[in-house]
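Asker: Everything below, folded, please.
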Amino acid sequence: MTKSMSTNLQENVTLEEYFELDLASDEKLEYWNGNVWSMSGASPAHNLIVINTGAEVRAQVIDKGCLVFPSDMRIKVPSYPPYRYPDLTALCARPEFERIGGVDVLLNPALIVEVLSRSSEAFDRGDKFSYYQSIPTFQEYLLIAQHRPYISRYWKQEKGLWLVNEFTDLSDMIRFNSVPCELTLAAIYRAVDFERDAEKPIVRPQPF
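Answerer: Next up, the predicted model:
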């Protein structure tokens, strides 16, 4: 699936054909069950949120032995193969990689961040979250709305249970468990103009 759930580029593609497409493409392509989608086309708000969040987290954790990876980093999701492109990932351990389809794929993310779109939100909160839970090291999940200040933070408890906090005020502080970092919503949404930058709803022409 994609950030904007864009039109399916190709169908009935083999895994080997997908690897060739992904390596040759300037876009990030995802694969599932013979279908290939493009990950391009994010809104200005989406891009600002990703840059803000990644920069803030990196500034706080880089001197503490932690790493932050952008959306170009592929991660292995055992129940959703072969790999995915989250908006951000972070970890405070030595990164582990596996060679899949000719590329290095991260095996041990602790924090995964996704910026939501109207079309992808249900999937990111539902099936995609359940797929990510098949990653043994996955501890924390941050879902960031782009049309208004609204962030959901999930963190893993004992016995595989997950708790959630929701944040809606720009003064709210999010304190992470997976990395030594805390962020206000104001920092995450810095320079975002919700009316100007957020993705516009799709208006389909009505028949006469």
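Asker: Show me where this structure has its strands.
Answerer: 29-32, 35-38, 67-69, 88-91, 97-100, 103-106, 111-115, 140-144, 151-156, 162-167, 173-175, 182-184 (DSSP state E).
Asker: could those be laid out in CSV, adding mean pLDDT, distance to residue 196 and mean neighbour count?
Answerer: Using the backbone N, CA and C atoms, a C-beta is placed for each residue, glycine as well. Putting those into CSV (pLDDT from 0 to 100; distance: least, Cβ to Cβ, whole Å; neighbours: other Cβ atoms under 10 Å) gives the following:
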stretch, mean pLDDT, distance to residue 196, mean neighbour count
strand 29-32, 89, 28, 20
strand 35-38, 87, 24, 18
strand 67-69, 98, 27, 20
strand 88-91, 98, 23, 24
strand 97-100, 97, 39, 13
strand 103-106, 96, 34, 16
strand 111-115, 97, 17, 26
strand 140-144, 97, 18, 23
strand 151-156, 97, 20, 19
strand 162-167, 97, 22, 12
strand 173-175, 98, 25, 13
strand 182-184, 97, 22, 16
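Asker: Just the CA trace of the least confident helix or strand in the chain by mean pLDDT, in PDB.
Answerer: For the chain, the helix or strand with the lowest mean confidence is helix 194-197, at a mean of 79 (criterion: mean pLDDT, DSSP states H and E). What follows is helix 194-197, C-alpha atoms only, in PDB (Å, rounded to 0.1, in the frame of the first residue of the first chain):
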ATOM      1  CA  PHE A 194      -3.300  22.900   7.600                       C
ATOM      2  CA  GLU A 195      -5.600  24.800   5.200                       C
ATOM      3  CA  ARG A 196      -2.900  25.300   2.600                       C
ATOM      4  CA  ASP A 197      -0.700  22.200   2.800                       C
END
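Asker: can you give me how far it is from the chain middle?
Answerer: 21 Å (Cα atoms, centre = their mean, to the nearest Å).
Asker: which other helices and strands contact that helix?
Answerer: Packing partners of helix 194-197 (3 or more Cβ pairs under 8 Å, 6 or more residues apart in numbering; DSSP states H and E): helix 44-61.
Asker: any residues touching the helix it packs on, and which ones?
Answerer: With contact meaning Cβ atoms under 8 Å, 6 or more residues apart in numbering, helix 44-61 is reached by 3, 42, 67-68, 70-71, 87-88, 90, 92, 111, 113, 115, 117, 142, 144, 146-147, 176, 179-183, 187-194, 196-199.
Asker: Give the residue spans of the chain that score low on pLDDT.
Answerer: The chain contains residues with pLDDT under 70 at 1-9, 41, 197-208.
Asker: still on that earlier bit, who wins for proximity to residue 76 among the strands of the chain?
Answerer: For residue 76, the closest of those is strand 103-106, at 4.7 Å, according to Cβ to Cβ.
Asker: what comes into contact with that closest one?
Answerer: Strand 103-106 is contacted by residues 22-23, 69, 73-76, 82-83, 89, 95-99 when judged by Cβ under 8 Å, 6+ apart.
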